[in-house]
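Asker: let me see the structure of the following:
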Amino acid sequence: MKIIITGGGWAGCSAAYMARKQGAEVVLIERTDSLLGTGLVGGIMRNNGRFTATEELIAMGGGEIFKIIDQNCRHTNISFPGHEHASLYDIAKTPVAITNYLLEIGVEVKFIERVVKAHVTDGAIQSIETASGNVYEGDAFIDTTGTAGPMKNCIKYGNGCAMCIIRCPSYGGRVSLAGICGISEITGKKADDSIGAMSGSCKLYKESLSPEIIEALNTKGVAVIPIPKELIENHLSAKACQQYALKEFSENMVLLDTGHAKLMTPFYSLEKLHKIPGFENARYEDPYAGGKGNSMRFFDMAPRTNALQVIGLKNLFCAGEKAGLLVGHTEAIVTGVLAGYNATRHISNMPLLEISRKTAFGEAVAYVNEEMQTKEGLGKKYTFSGSVLFEHMKKLNLYETDVNRIQENIKNEGLWNVFAC
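Answerer: Purely as a prediction, here's the structure:
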């Protein structure tokens with residue numbers, strides 16, 4: 001079995017891990033020089049319903065990526081407005097740990113390779129070609145190219161190119177594998193029916209903040225600083241991460257320690273920022289234009305089944321944001337594992353796995369797929385950690401923090417160690 005994965009974010013890395021675990025020869029193609037994508041500046045894990053989904057995947061035998069993350073956390077079991085029992089991973093150590101792990105298990109990682117062409121015959125991809133002219137043939141393919149950018153979308157629908165972690169000027173804009181294969185893709189919207197959504201946070205150079213804020217971040221992992229009323233900027237409606245669209249995030253500077261100071265707002269005027277006590281010398285790191293804008297997301301999502309098979313191509317699977325309006329690293333990891341697993345089952349002519357809707361994992365995959373078929377649903381964002389999906393989980397009694405109960409439910413659904421087989 002040979003599987004080609006395009007996109008080395010959390011979804012692509014997780015798909016590569018699982019496909020390799022199932023015995024496939026795996027090539028992971030990443031257009032930049034680093035793995036994890038937006039995970040290079042992310043860091044929030046296990047908050048709210050993400051705890052449930054994480055422990056479910058571990059119980060299913062597919063949690064090795066989560067275990068590596070747990071080993072590289074700066075803070076665990078912290079709380080910040082609207083969120084409980086969160087972990088914050090180190091954004092310097094974690095990418096290296098994941099890269100080393102994939103190389104150790106035999107995944108072939110190709111950096112600075114941007115897919116530009118695909119050869120499709122009889123409804124199946126035969127090979128893909130990169131901008132450098134290299135051709136990769138495979139039995140199955142997985143699209144984890146995400147939905148952020150490229151520059152033209154950030155300029156047209158956002159506040160301009162912010163020179164963010166997507167790094168389009170350096171490595172070329174994101175290319176959708178499903179799109180270049182001729183699949184008619186789906187574009188998300190904001191509640192006001194405008195296109196796209198803005199990434200939900202930006203990074204401050206921690207040492208540019210006051211000693212008191214630095215101390216709070218280093219010891220507690222979180223700092224919440226009230227904003228003088230005349231300096232408040234409310235960008236909550238623009239955020240892709242609607243789980244943080246709470247008034248506490250507009251009335252306060254909420255900072256999380258992931259190595260840098262993660263500021264939980266899409267952008268904030270530098271002039272106003274410097275007037276807030278403790279932020280007099282604050283400097284943005286990513287996006288460098290954090291005073292004005294951030295990357296735009298949720299363009300080019302693939303139509304897919306609940307087994308994460310792309311509709312219209314026999315041997316293409318998808319995960320992460322490519323699989324729909326799912327926000328976050330946990331969401332990318334669980335869908336990546338499922339896509340990697342089902343790609344190998346497809347090659348082996350075995351029935352594809354759909355996760356039971358009596359789990360948070362399975363319900364998220366199916367529920368978001370249903371919601372995206374409606375105009376109203378396309379205007380929402382879905383995450384285990386808050387907003388629409390988390391409230392939906394709680395109504396169905398799928399939110400659980402007792403690991404023993406989570407494991408019992410996975411066993412009852414016949415999913416215990418299913419990914420370990």
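
Asker: where does the stretch 201-350 of the chain have low pLDDT?
Answerer: Within the stretch 201-350 of the chain, the stretches with pLDDT under 70 are 236, 238-245.

Asker: who's in contact with residue 210?
Answerer: By Cβ atoms under 8 Å, 6 or more residues apart in numbering, the contact set of residue 210 is 277-280. In this view, the C-beta of every residue, glycine as well, is placed from N, C-alpha and C.

Asker: over to residue 394?
Answerer: So residue 394 contacts residue 49 (Cβ under 8 Å, 6+ apart).

Asker: buried residues in the helix or strand hosting it?
Answerer: If you go by DSSP states H and E, residue 394 is part of helix 387-395. Within helix 387-395, the residues that qualify as buried are 387-390, 392-393, counting by 16 or more other Cβ atoms under 10 Å.

Asker: swap in stretch 72-82?
Answerer: Quick answer for stretch 72-82 (16+ other Cβ under 10 Å): 72-75, 78, 80, 82.

Asker: after whatever helix or strand residue 69 lives in, which helix or strand is next?
Answerer: According to DSSP H and E, residue 69 maps onto helix 64-71. As assigned by DSSP H and E, the chain's next helix or strand after helix 64-71 is strand 73-80.

Asker: pLDDT of that next one, averaged?
Answerer: The average pLDDT within strand 73-80 is 97.

Asker: helices or strands next to whichever helix or strand comes after it in the packing?
Answerer: Heading C-terminal from strand 73-80, the first helix or strand you meet, by DSSP H and E, is strand 83-89. Applying 3 or more Cβ pairs under 8 Å, 6 or more residues apart in numbering; DSSP states H and E, one finds that strand 83-89 makes contact with strand 44-45, helix 64-71, strand 73-80.

Asker: ok, now which ones touch residue 370?
Answerer: Contacts of residue 370 (Cβ under 8 Å, 6+ apart): residue 377.

Asker: now whatever helix or strand it lives in - C-alpha only, CSV.
Answerer: Here residue 370, judged by DSSP H and E, is contained in helix 360-371. In CSV, the C-alpha atoms belonging to helix 360-371 read as follows (Å, rounded to 0.1, in the frame of the first residue of the first chain):
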residue,chain,number,x,y,z
ALA,A,360,-18.1,12.8,20.7
PHE,A,361,-15.7,11.9,17.8
GLY,A,362,-18.3,10.2,15.7
GLU,A,363,-21.0,12.7,16.4
ALA,A,364,-18.8,15.6,15.4
VAL,A,365,-17.9,14.0,12.0
ALA,A,366,-21.5,13.3,11.2
TYR,A,367,-23.2,16.3,12.7
VAL,A,368,-20.9,18.8,11.0
ASN,A,369,-21.4,17.0,7.7
GLU,A,370,-25.2,17.4,8.1
GLU,A,371,-25.0,21.0,9.2
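
Asker: so which bits of the helix or strand just after it are buried?
Answerer: Per DSSP H and E, the first helix or strand lying C-terminal to helix 360-371 is helix 375-378. For helix 375-378, the neighbour count (16+ other Cβ under 10 Å) marks 377-378 as buried.

Asker: what average pLDDT does helix 375-378 get?
Answerer: Helix 375-378 comes out at a mean pLDDT of 90.

Asker: packing partners for it?
Answerer: Using 3+ Cβ pairs under 8 Å, 6+ apart: helix 375-378 touches helix 360-371.

Asker: helix 387-395 and the helix it packs on, what's the angle between them?
Answerer: Going by axes from the mean of the first three to the mean of the last three Cα atoms, to 10 degrees, helix 360-371 is angled at 130 degrees with respect to helix 387-395.

Asker: which helices and strands does the helix holding residue 69 pack with?
Answerer: When contacts are defined as 3+ Cβ pairs under 8 Å, 6+ apart, helix 64-71 sits against helix 10-21, helix 49-59, strand 83-89, helix 93-104, helix 329-347.

Asker: let's have these in CSV, adding distance to residue 312 and mean neighbour count.
Answerer: What follows is these, written out as CSV (distance: least, Cβ to Cβ, whole Å; neighbours: other Cβ atoms under 10 Å):
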stretch, distance to residue 312, mean neighbour count
helix 10-21, 19, 29
helix 49-59, 28, 26
strand 83-89, 36, 21
helix 93-104, 29, 17
helix 329-347, 15, 28
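
Asker: looking at the ones you listed, spot the one closest to residue 357.
Answerer: Residue 357 lies closest to helix 49-59 among those, at 12.4 Å (Cβ to Cβ).

Asker: average pLDDT across the closest one?
Answerer: 98.

Asker: any chance you could list what contacts that helix?
Answerer: So helix 49-59 is in contact with 45-46, 63, 66-67, 85, 328, 330-331, 333-334, 337, 359-361, 364, 383-386, 389-390, 393-394, 398-401, 403, 406-407, 409-411, 415-417, 419, going by Cβ under 8 Å, 6+ apart.

Asker: where along the stretch 101-250 of the chain do the strands fall?
Answerer: 108-110, 115-121, 124-130, 135-137, 140-143, 197-198, 202-204, 222-226 (DSSP state E, counting those that start in this stretch).

Asker: redo those as JSON lines? Include distance to residue 93 and mean neighbour count.
Answerer: Converted to JSON lines, these look like this (distance: least, Cβ to Cβ, whole Å; neighbours: other Cβ under 10 Å):
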{"stretch": "strand 108-110", "distance to residue 93": "18", "mean neighbour count": "17"}
{"stretch": "strand 115-121", "distance to residue 93": "29", "mean neighbour count": "16"}
{"stretch": "strand 124-130", "distance to residue 93": "29", "mean neighbour count": "18"}
{"stretch": "strand 135-137", "distance to residue 93": "30", "mean neighbour count": "14"}
{"stretch": "strand 140-143", "distance to residue 93": "26", "mean neighbour count": "31"}
{"stretch": "strand 197-198", "distance to residue 93": "28", "mean neighbour count": "28"}
{"stretch": "strand 202-204", "distance to residue 93": "16", "mean neighbour count": "25"}
{"stretch": "strand 222-226", "distance to residue 93": "19", "mean neighbour count": "18"}
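
Asker: could you pull up the mean pLDDT of the helix holding residue 394?
Answerer: 95.

Asker: and for stretch 105-120?
Answerer: 98.

Asker: touching it from outside, list them.
Answerer: 6, 8, 16-17, 20-21, 25-35, 99, 102-103, 125-132, 134, 145, 171-172, 175, 177, 180-182, 313.
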